[in-house]
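# Build me a model:
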Amino acid sequence: MIVPVLSWFFITLPLWLSPFHPALVAYFIITFDLYFFYKSTTTAYRAVLSYREILFHNLIPYGKRIKTVKDASDINHFVVIPNFKEPLHKLDSTISSFVKNDYPFKKIYLVLAFEKREKQAQEKAKFLIDKYKNNFSEIICSYHVLKTGEEPGKASNQTWACKLVDKYSDKNSLIKTQTLITICDADSYLPKNYFSYLTFEFLRDRGRLYHFYWAPVLLYNNFWQLPLFIRIQATMSSILRLAFLSQKDNLIQVSTYSTNLDLLKKLNFWDVDVIPEDWHIYFQAFFTYGEKVKTIPLFTIVNGDAVFSGGTIKTLVNRYEQEKRWAWGVSDVGYVLKKFFVTPHINIMAKLKKIFFIAETHLLWPISFFILTISASIPPLINPIFKRTVLGFLLPRLSGFILTFSSLMLILYVFLDIKLRQKVNMKTEIYKLPLLIVQWYLLPVISFFFSSLPALDAHTRILLGKRLKYKVTEKV
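Numbers count the residues shown, from 1 in each chain. Sure thing, here's the model as predicted:
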């Protein structure tokens with residue numbers, strides 16, 4: 001509850017502190033604006049750095065290079081697709097992207113992780129097995145039975161499926177440290193070089209037994225189908241994920257990622273009572289093995305779907321619910337704080353850095369919009385005497401100047417957006433360019449309704465003790 005309390009504290013601070021200490025509020029707002037400018041600049045820099053690395057690695061023929069790497073042929077790949085009521089055509093398209101891989105050893109296993117409560121699960125499994133049985137070493141189907149104490153969602157489903165993979169590896173004498181598990185969302189298209197690149201990076205990585213591997217999931221697969229509001233939000237999410245790729249020590253995997261079966265087995269797989277599982281499994285590993293645990297960037301592109309439910313209103317509602325579910329990850333703050341006190345074997349400074357990073361991420365999420373857009377106008381409005389001071393006069397103007405300067409980064413974002421979509425064959429016709437530029441003027445509105453507000457909703461639910469129920473994000 002610490003971060004949710006702080007969220008409301010900072011959002012309301014200009015209202016209750018301005019009558020007494022308006023100058024203090026003004027300095028806080030200016031400091032936050034400058035910090036936002038710093039974050040905007042570093043995000044733009046990291047996004048460009050990641051894009052250049054992707055261009056470089058795209059030139060490397062990993063499919064050929066991996067043939068010369070010792071022990072490469074011993075690696076087994078299990079691709080787990082956790083799903084519930086996903087359209088069959090979506091699963092079909094995703095699996096077809098695996099088939100196009102350039103991995104030379106063909107030791108790829110497909111794991112279709114269904115939920116037992118889905119009536120059409122076995123029918124879907126039969127269709128997919130019949131179609132792709134010759135493209136994989138084996139197709140394994142799991143049907144997760146939801147138990148008491150488990151949360152519906154990826155974590156409990158993946159744990160069920162990977163325990164089945166663990167039994168399969170024992171039965172077939174597969175070495176767990178040479179078995180890679182890739183968790184792949186049902187709408188994520190893996191690039192052609194994913195398995196060869198992952199294998200190459202895994203084998204050259206000395207700390208591979210404690211590492212996760214992640215390529216950014218960009219939301220461009222259904223770009224031109226999306227309503228305007230969702231399209232600009234998908235663009236921003238894609239660029240931010242691209243920037244995350246160059247964070248080095250602070251990189252934590254999201255959505256679709258890989259690691260080895262041995263590490264998952266030692267962690268007893270995912271905690272089945274959580275909803276946002278990707279960051280949580282990282283912290284499970286970190287608070288077990290300490291600084292050895294890292295997420296290694298893969299400079300290639302996984303192309304995924306943004307939320308699209310057919311109709312505009314339904315799509316907007318589902319997008320809100322998806323963001324709220326992601327923001328529920330603030331619950332991990334309590335987990336890492338508890339682990340801080342029961343893991344004396346891990347360096348204190350390393351733990352504090354992780355706590356600060358996750359708390360900062362989830363705190364900025366709901367409060368940024370309010371402080372950046374309306375807070376500067378509140379002190380002069382509430383306190384007329386302060387309005388007649390130099391600081392009171394300058395505060396809205398100075399805040400606006402900093403934000404205007406920060407918004408110049410959007411020019412770079414527009415450029416990266418176009419280039420990234422070219423990389424995934426989602427090109428832009430010339431006549432659509434004006435629309436792509438104009439849509440950025442809607443960013444403040446979109447940031448409020450599809451970022452800050454759902455995040456604040458999730459935080460408030462935690463304060464009120466109202467648990468979030470997992471809802472599958474519809475993508476037709």
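
# drop to CA atoms for contacts and neighbour counts, all remaining ones
OK.

# Residue 88: how many residues sit nearby?
18 (other Cα atoms under 10 Å).

# wait, what's in contact with it?
Applying Cα atoms under 8 Å, 6 or more residues apart in numbering, we find residue 88 in contact with residue 124.

# Which helix or strand lies directly C-terminal to the helix or strand hosting residue 434?
Using DSSP states H and E, residue 434 sits within helix 433-438. Following helix 433-438 in sequence order, the next helix or strand is helix 443-447 (DSSP H and E).

# any idea how far that next one is from the chain center?
19 Å (Cα atoms, centre = their mean, to the nearest Å).

# what's next to it, contact-wise?
Contacts to helix 443-447, defined as Cα under 8 Å, 6+ apart, come from residues 229, 232, 233, 369.

# distance of residue 233 from residue 27?
Going from residue 233 to residue 27 by Cα to Cα, to the nearest Å gives 31 Å.

# mean confidence for the helix holding residue 434?
For helix 433-438, the mean per-residue pLDDT is 74.

# What residues sit buried inside it?
residue 436 (16 or more other Cα atoms under 10 Å).

# picking that back up, make CSV out of the contacts of helix 443-447 and add distance to residue 20, pLDDT and secondary structure.
Output for the contacts of helix 443-447, formatted as CSV (distance: Cα to Cα, whole Å; pLDDT from 0 to 100; DSSP: H, G, I helix; E, B strand; the rest coil):
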residue, distance to residue 20, pLDDT, secondary structure
229, 40, 84, helix
232, 40, 88, helix
233, 38, 87, helix
369, 24, 91, helix
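
# and which of those residues is nearest to residue 2?
Set against residue 2, the nearest of the contacts of helix 443-447 by Cα to Cα is residue 369 (19.8 Å).

# For the closest one, give its distance to residue 380.
With distances taken as Cα to Cα, residue 369 is found 19 Å from residue 380.

# How about residue 277?
Separation of residue 277 from residue 380 (Cα to Cα): 44 Å.

# Residue 342 too?
47 Å.

# Now tell me what touches stretch 152-160 from outside.
In this structure, residues lying in contact with stretch 152-160 by Cα under 8 Å, 6+ apart are 80, 82-83, 113-115, 142, 144, 146, 150, 269-277, 470, 472.

# Let me fix that, I meant to ask about stretch 392-408.
Contacts of stretch 392-408 (Cα under 8 Å, 6+ apart): 23, 26, 29-30, 33-34, 36-37, 40-41, 372, 376-377, 379-380, 386-387.

# These in helices, which ones?
If you go by DSSP state H, the contacts of stretch 392-408 have 23, 26, 29-30, 33-34, 36-37, 40-41, 372, 379-380, 386-387 in helices.

# all strands for the stretch 251-400 of the chain, in order.
Listed in chain order, the strands of the stretch 251-400 of the chain (DSSP state E, counting those that start in this stretch) span 257-260, 294-297, 302-303.
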